[in-house]
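Undergrad: fold the following.
(one chain, ligands or ions: 1)
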Amino acid sequence: MTTQIIDSGQVEQHNASQRATLQADYDALGGMLSRRGVDIEALTAKAQTFAVALPSWGVGTGGTRFARFPGKGEPRDVTEKLEDCAVIHQLTRATPTVSLHFPWDKPADPKALRQQADSLGLSFDAVNSNTFQDQPGQAQTYKYGSLTAQSQAAREQAVAHNIDCIELGKTLGSKGLTVWVGDGANFPGQHNLRGALERYLDSAKGIYAALPDDWLMYIEHKLFEPAFYCTVIADWGTSFAAAQTLGDKAKCLVDLGHHAPNTNIEMIVARLAQFGKLGGFHFNDSKYGDDDLDSGSIDPFQLFLVFNELADATLRDGTFKPAYMLDQSHNVTDPIESLMSSAVEVQRAFVQAALVDRAALAGFQEANDALQSAQALKKAFRTDVSPILAMARLRAGGAADPVAAYRASGYREKVAVKRPPKAGASGSGIV
Ligand SMILES: [Mn+2]
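TA: Residues are numbered from 1 along each chain as shown. Below is the predicted model of the structure:
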């Protein structure tokens, strides 16, 4: 029996107030889609299959390298983070899994944490290692790198930490390890560029060897920061080469914010999918760099184009199933509201991509009709599928309007009382 953190009577009351309007909007959209030969019920059923993992670090207020402005009632430990994640899933029905970050979320009792997740109707997605900052009492510093450090002792420590993450993840029921390293150089000449990657591959092989057979290792690249001259795993080419070198269980992870501005990310997605190395995503949005803004808040068309490639890849290979995860930093909003809205925005792109008339598009491409090809995509992107998303939630026991239902529940005010700030307990990190 799943524990509902928000009183289900309150959610039902909210839905009752929305139901008539939603049904009218849904019927109107259904009629319009039917004239296009699209069955709205099939799309709603498809929307219900969508799931994106929540980042445990996202439920606390983020921050920048200048400051962090904590919010009220932030979770102070991993069990409170799970409670907030459960609220998000209860209202959106689109976020059944949580991605943990170690050692930030290291549980005193992993089995008890798994039981708590289970009771809340949650399970664990990929676990994330952290070798981009030093932990209290650790023997070697990562100041000059971790998996790529010149120091063999530092490299060994970083490999051992990743293997610890795998062991912990096994107890929690996770099936993947995401590895992002901040390793790089701030000056030309600081690194032997080839040597640093050779050390990375050598270390990564040590981690890969500890992966269970049914696990994947997700290699996350990032163009710059914290290193500002060069980053060892900077781009999808390096990530791809590393994944190829390691083996079948190594795949590439695309964080939408980890590219140069104006990079054609959907093409990277197509390339990685073509060669069987697209492992998953960290969804977020950005304007200038790795801004970690809410998914779909800046460039929803790019998100749609990414899902258009994913829809194409799925048609070619029914077993294709990359891992979806949010990775955002919330500085001026209630993180729960941002994560709910973001999950819905990613789900929106998923449904819009399913609306693309692929036979028509293929015909336009075949005929070199550039204008109509573009219009075929725009036609899907311009369709407001909000009633489908709301109906999918309603039928699954979620809220027609998650943010409105959340605000009406008074959850934040309640946890603000229950969770007074605790010294040294940071609600979040940024990755
Ligand atoms: Mn990320």
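Undergrad: which bits of the stretch 201-350 of the chain sit near the ion?
TA: Residues of the stretch 201-350 of the chain found near the ion (CB under 5 Å from the ion) are 255, 282, 327. In short, each C-beta sits where N, CA and C put it, glycine included.
Undergrad: phi, psi for the last one please.
TA: Meaning Asp327. Main-chain dihedrals, Asp327, degrees, to the nearest 10: phi -140, psi 90.
Undergrad: what's the neighbour count on Ala28?
TA: Residue crowding around Ala28 was assessed by other CB atoms under 10 Å; the count is 11.
Undergrad: low pLDDT regions in the protein?
TA: 423-431 (pLDDT under 70).
Undergrad: state which helix of it is the longest.
TA: helix 8-35 (DSSP state H).
Undergrad: for the ion, what's the nearest residue on the stretch 51-200 of the chain?
TA: At 6.1 Å from the ion, Trp180 is the closest residue in the stretch 51-200 of the chain, using CB to the ion.
Undergrad: what is the neighbour count of the closest residue to that residue other than its chain neighbours?
TA: Nearest non-adjacent residue to Trp180, counting by CB to CB, 6 or more residues apart in numbering: Glu220, 3.9 Å away. Glu220 has 22 neighbours, counted by other CB under 10 Å.
Undergrad: and for Ser373?
TA: Neighbours around Ser373, by other CB under 10 Å: 18.
Undergrad: quick one: it and Gln365 touch, right?
TA: Yes: Ser373 lies in contact with Gln365 (CB atoms under 8 Å); the separation is 5.5 Å.
Undergrad: let me see the contact set for the residue lying farthest from the centre of the chain.
TA: No residue in the chain sits farther from the centre than Ala367, which is 37.3 Å out by CA atoms, centre = their mean. Contacts of Ala367 were listed using CB atoms under 8 Å, 6 or more residues apart in numbering, and none were found.
Undergrad: tell me where the stretch 301-431 of the chain has helices.
TA: Along the stretch 301-431 of the chain, the segments classed as helices by DSSP state H, counting those that start in this stretch run 335-354, 358-366, 370-382, 386-395, 402-409, 411-418.
Undergrad: hmm, I was thinking of the stretch 151-300 of the chain
TA: Secondary structure of the stretch 151-300 of the chain, counting by DSSP H, counting those that start in this stretch: helices at 152-172, 193-208, 236-246, 265-274, 300-316.
Undergrad: buried sites along the fourth one?
TA: In other words, helix 265-274. The neighbour-count check on helix 265-274 (16 or more other CB atoms under 10 Å) flags 265-266, 268-273 as buried.
Undergrad: would you list those residues in JSON lines and tack on distance to Ala67?
TA: Output for those, formatted as JSON lines (distance: CB to CB, whole Å):
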{"residue": "Ile265", "distance to Ala67": "30"}
{"residue": "Glu266", "distance to Ala67": "35"}
{"residue": "Ile268", "distance to Ala67": "33"}
{"residue": "Val269", "distance to Ala67": "34"}
{"residue": "Ala270", "distance to Ala67": "39"}
{"residue": "Arg271", "distance to Ala67": "39"}
{"residue": "Leu272", "distance to Ala67": "36"}
{"residue": "Ala273", "distance to Ala67": "39"}
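Undergrad: quick check: of those, which lies closest to the ion?
TA: Using CB to the ion, Ile265 is the member of those that lies nearest the ion, at 13.5 Å.
Undergrad: who's in contact with that closest one?
TA: Going by CB under 8 Å, 6+ apart, Ile265 touches 254, 256, 259, 302, 305-306.
Undergrad: farthest-separated two in those residues?
TA: Using CB to CB, the contacts of Ile265 span at most 13.7 Å, a distance reached by His259 and Leu305.
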